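**Q** what follows is a protein structure lacking sequence information:
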């Protein structure tokens, strides 16, 4: 079966993954609808074939909060999807998202998953580990490890384990989940091939 060729709405389109996804979608016949905070979500989603929800942050800056960035944006997207013709919603969550998490970021990510699943549009949720880009565009996670003053700041003792994912691999997974009707729906935990400590 052929890939969907209709419009694709992308929230968080100016972020690390969103920017690359827009470039990749630009190579396809689909109309790309990048969405920022003040854009009309309902209008962009109404006749979209797919909606990719990337809005959210691990490091909110005031007046933004974990809830506003990660849960409220998902609820707004879900409300727009409820009145749309979308055939697929794809959401980029985080690897350890749980409804009972004491960490607000992880809890709101899990609640966002629930909000997007609840509307009845077939959903693909990728729970990803940290994402990094190429040296010219390392992204926020990798940038935190780049010494600017000869010192690198680590959370805790630095013994946390992670399996980072390359940004372009994540973009390809999102693209296939959004446009290939044969891609299965559900929640998928995704991590890179190499496990290391911070």
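**A** Sure, I can see it. Predicted model, so just to flag it, every value in this text is computed and none were measured.

**Q** for the rest of this, base every contact and every neighbour count on C-alpha atoms.
**A** Will do.

**Q** do I have it right that residue 12 meets residue 35?
**A** Yes - under the criterion of Cα atoms under 8 Å, residue 12 makes contact with residue 35 at 6.4 Å.

**Q** any common contacting residues for these two?
**A** Both residue 12 and residue 35 lack any common contact, where contact means Cα atoms under 8 Å, 6 or more residues apart in numbering.

**Q** contacts for the helix or strand of the chain with the lowest mean pLDDT, please.
**A** Using mean pLDDT, DSSP states H and E, helix 139-143 stands out as the lowest-scoring helix or strand of the chain, at a mean of 72. Contacts of helix 139-143 with the rest of the structure, by Cα under 8 Å, 6+ apart, involve 16, 130-133.

**Q** over to stretch 55-69?
**A** Residues from elsewhere that reach stretch 55-69 (Cα under 8 Å, 6+ apart): 11-13, 70-71, 73-74, 104-105, 108.

**Q** about what we covered before: among the contacts of helix 139-143, which are located in strands?
**A** In strands, judged by DSSP state E, the following of those are found: 131-132.

**Q** if any of the contacts of helix 139-143 are buried, give me the ChimeraX selection for them.
**A** In ChimeraX, this line selects whichever of those come out buried by 16 or more other Cα atoms under 10 Å:
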select :16,130,131,132,133
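
**Q** which of the contacts of helix 139-143 lies closest to residue 98?
**A** Nearest to residue 98 among those: residue 130, at 16.5 Å, using Cα to Cα.

**Q** what lines up beside the helix or strand that the least confident helix or strand of the chain is followed by in the sheet?
**A** The element immediately downstream of helix 139-143 (helix or strand, assigned by DSSP states H and E) is strand 161-162. When pairing is defined by DSSP bridges, strand 161-162 lines up against strand 196-197 (antiparallel).
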